[in-house]
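[1] sharing a model prediction with you, sequence too.
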Amino acid sequence: DVEATLPGVSRKIETVADILGLDEEGADLVHDVEAEIQEALDLAGLARDMPRVGYVYVRGPETLLMFGNGMPTHFLIEAANGIDAFGEAGVTFAMPLDAEQLVAASPDVLITPIEGFDLIGGLEAILALPGVSDTPAGTARAVITYDEALFLGMGPRTGEALMQLVLDLHPGLTKP
């Protein structure tokens, strides 16, 4: 049982490598992934702002969830020098999209999986979800999409996901 946190990524890789009898390869991968994560953390540390970010999990018109504390998204948003707007608003794990809570959380940016974004009809469909247009993110049309496996996997590509999030949340920063 490995938790969905940045330190948990290394433990997850080590656990899989151990099961497969690939301890040396696992150690090499852990080293590389930790270096990628640290590079992203270092860059995030240069950011001058902390945008409020909300992760809306979309899997179709009937599956609309707000992710908050305890979810991989929480740890990635905070590591990227953002504020998990839904976590701050009291959302723990996942809960159904609630227009009042969404508006009260006041996210500057919304993140959603590209798969669900495409499935429900793109940006206009996201902006039409209850409450979205009444948030700073909705007003600014600030919606970022990521591959679901990349962003939620908390595995070997976590450093890549975190770096992309840092660059997307802080466009003034550039990858070294």
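    Arrived safely, thanks for sending.
[2] pull the contacting residues for T158.
    By CB atoms under 8 Å, 6 or more residues apart in numbering, the contact set of T158 is 6, 9, 33, 36-37, 76. In short, each C-beta sits where N, CA and C put it, glycine included.
[3] change it to 6 Å
    V9 (CB atoms under 6 Å, 6 or more residues apart in numbering).
[4] contacting residues around V132?
    Counting by CB under 6 Å, 6+ apart, V132 makes contact with G138.
[5] any stretches of this structure with poor pLDDT?
    Where the chain drops to pLDDT under 70, the residues are 1-4.
[6] just the strands in it please.
    Under the criterion DSSP state E, the chain contains strands at 52-58, 64-67, 83-84, 94-96, 109-113, 143-146.
[7] run me through the strand neighbours of the third one, direction for each.
    Under the criterion DSSP bridges, strand 83-84 sits next to strand 52-58 (parallel) in its sheet.
[8] now the fifth one
    When pairing is defined by DSSP bridges, strand 109-113 lines up against strand 52-58 (parallel), strand 143-146 (parallel).
[9] residues making contact with the last one?
    The contact list for strand 143-146 (CB under 6 Å, 6+ apart) reads 110-112, 114, 117, 123, 126, 168.
[10] repeat the analysis, applying 8 Å as the threshold.
    Strand 143-146 is touched from outside by 109-114, 117, 123, 126-127, 137, 161, 164-165, 168, with contacts defined as CB under 8 Å, 6+ apart.
[11] just stretch 68-75 next, same as before
    With contacts defined as CB under 8 Å, 6+ apart, stretch 68-75 is touched by 4-6, 55, 67, 84, 86-87, 89-95, 111, 151-154.
[12] quick one: which of the contacts of strand 143-146 is nearest T15?
    Nearest to T15 among the contacts of strand 143-146, counting by CB to CB, is A161 at 19.6 Å.
[13] ok, how many other residues are close to that closest one?
    24 (other CB atoms under 10 Å).
[14] surely V109 meets L169?
    Yes: the criterion here is CB atoms under 8 Å, and V109 meets it with L169 at 6.6 Å.
[15] state the distance from E34 to P156.
    Taking CB to CB, to the nearest Å as the measure, E34 falls 11 Å from P156.
[16] tell me which stretches of the protein form helices.
    With DSSP state H as the criterion, the chain has helices at 6-20, 23-44, 72-79, 85-88, 99-105, 114-120, 123-127, 136-140, 148-152, 158-169.
[17] perfect, I'm done here.
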